[in-house]
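Student: need a 3D model of the sequence below.
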Amino acid sequence: MGFPGTWMTESESVVYRVVPKCACSTIGQIMYYSDHGEFFDGDIHDAQGGMHKWAMEDSQPLISANVKGHQSFAFTCVRNPYTRILSSFFDKICGIQRNGKRYRGNLVPLLIQKYGIEVGDPETGFEFDQIKSFRRFLLFARDTIKFRRPMDPDIHWSAQSGHISTFIVNGGRYDKIFWTEAFNDGMQQVLDGIETPHKVDLAKIPRFNESEGHGPKRAHPVEDYFDDLSKHLVYEIYKKDFVLFKYDFENPGNKMPVGEIDLDEVHAKLGA
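Tutor: Just a heads-up that it's a prediction; the model follows:
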């Protein structure tokens, strides 16, 4: 199995387990900058050099040796499950992707046909009933995660604990897991724990949100999208994420965590 979704700087200063929809573009660019003194020109997910990634075959033995020997500081970043699934919907389902097409080709037509979802159209300013469509998408996301139908779950809405656990199960250990909602604090603690060829001044780092601007804007407060049934579905899918990363299940309007992440608890529960 190895360490899918794991990135490492070429200097091996730090190892990062990517969790989709959790500031991964910004984190990847910070790692790239810390080695090279400049940002990657383009989406960091497209970079085929300048950084080690598990998806690149030549990087695998280096990442594997580093992680199993815990030679570098290892970290990841998490996000409130309510805002993460909402972001996935607006970006991946409603948005037009970087290549000018819909995400995953036939996925959106399938959702329109099987779940009655509307996604709007850039020509008409993405006018559609966002709340109704999102709740139907939530049913689809639950079906993919719980029953693996009508397709396997997508990395952008599968549980964060699932992504994070592969690193632990295969012999890795995290030194830090921080929240997207307190990004600067968490990322600064990572930078304080490592030596990098180029110093990173977080205050001057732009946010690299590669998904922004190609889909509809969220028209309502977060809590309006989640009625009682929606909350039940979200908890069914993301129970471990709420528990381990200390998010508030009761109140979708509160995106901030309500406790501290216990790294020992995370390793115990996700490493079994």
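Student: low-confidence bits of the chain, can you list those?
Tutor: 210-213 (pLDDT under 70).
Student: run the last query once more with 90
Tutor: Within the chain, the ranges that satisfy pLDDT under 90 run 1, 95-102, 105-106, 120-127, 207-217, 272.
Student: helices of that one, start to end?
Tutor: In the chain, the segments counted as helices under DSSP state H are 24-36, 60-68, 81-88, 107-115, 130-147, 160-169, 183-192, 228-245, 263-270.
Student: now those helices as a markdown table including mean neighbour count and distance to I177?
Tutor: Just so you know, the C-beta spots here come from the backbone N, C-alpha and C atoms, and that holds for glycine as well. A markdown table is the format used below for the helices of the chain (neighbours: other Cβ atoms under 10 Å; distance: least, Cβ to Cβ, whole Å):
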| stretch | mean neighbour count | distance to I177 |
| --- | --- | --- |
| helix 24-36 | 21 | 12 |
| helix 60-68 | 16 | 15 |
| helix 81-88 | 23 | 15 |
| helix 107-115 | 15 | 30 |
| helix 130-147 | 18 | 21 |
| helix 160-169 | 20 | 7 |
| helix 183-192 | 16 | 8 |
| helix 228-245 | 18 | 7 |
| helix 263-270 | 15 | 6 |
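Student: nearest to Q97, of those helices?
Tutor: Proximity of these to Q97 was assessed by Cβ to Cβ; the nearest stretch is helix 107-115, lying at 10.6 Å.
Student: residues contacting that closest one, please?
Tutor: I93, R102, I117, E118, V119, R136, F137, L139, F140, P150, M151 (Cβ atoms under 8 Å, 6 or more residues apart in numbering).
Student: export the residues you listed to CSV and tack on distance to C22?
Tutor: Converted to CSV, those look like this (distance: Cβ to Cβ, whole Å):
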residue, distance to C22
I93, 18
R102, 23
I117, 24
E118, 27
V119, 23
R136, 24
F137, 19
L139, 23
F140, 21
P150, 26
M151, 22
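Student: just give me the closest of those residues to D192.
Tutor: For those, the nearest to D192 is I93 (37.9 Å; Cβ to Cβ).
Student: burial count for that closest one?
Tutor: Applying other Cβ atoms under 10 Å, we find 24 residues neighbouring I93.
Student: before we move on, back to that, want to try CSV for the helices of the chain, with distance to P206 as columns?
Tutor: Shown next, in CSV, are these (distance: least, Cβ to Cβ, whole Å):
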stretch, distance to P206
helix 24-36, 8
helix 60-68, 27
helix 81-88, 19
helix 107-115, 30
helix 130-147, 28
helix 160-169, 24
helix 183-192, 13
helix 228-245, 26
helix 263-270, 30
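Student: wait, which of the ones you listed is closest to G5?
Tutor: That would be helix 160-169 among these, by Cβ to Cβ, at 6.0 Å.
Student: that closest one packs against which elements?
Tutor: Counting contacts by 3 or more Cβ pairs under 8 Å, 6 or more residues apart in numbering; DSSP states H and E, helix 160-169 packs against strand 14-17, strand 73-78, helix 228-245, helix 263-270.
Student: distance to A159 added to the ones you listed, as CSV?
Tutor: Output for the helices and strands packed on helix 160-169, formatted as CSV (distance: least, Cβ to Cβ, whole Å):
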stretch, distance to A159
strand 14-17, 14
strand 73-78, 10
helix 228-245, 6
helix 263-270, 10
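Student: quick one: closest of the ones you listed to E123.
Tutor: Closest approach to E123 among the helices and strands packed on helix 160-169 (Cβ to Cβ): helix 228-245, 29.3 Å.
Student: returning to that earlier point: tell me the one among the contacts of helix 107-115 nearest to M1.
Tutor: Each of these was scored against M1 by Cβ to Cβ, and M151 proved nearest at 21.4 Å.
Student: lovely, talk soon.
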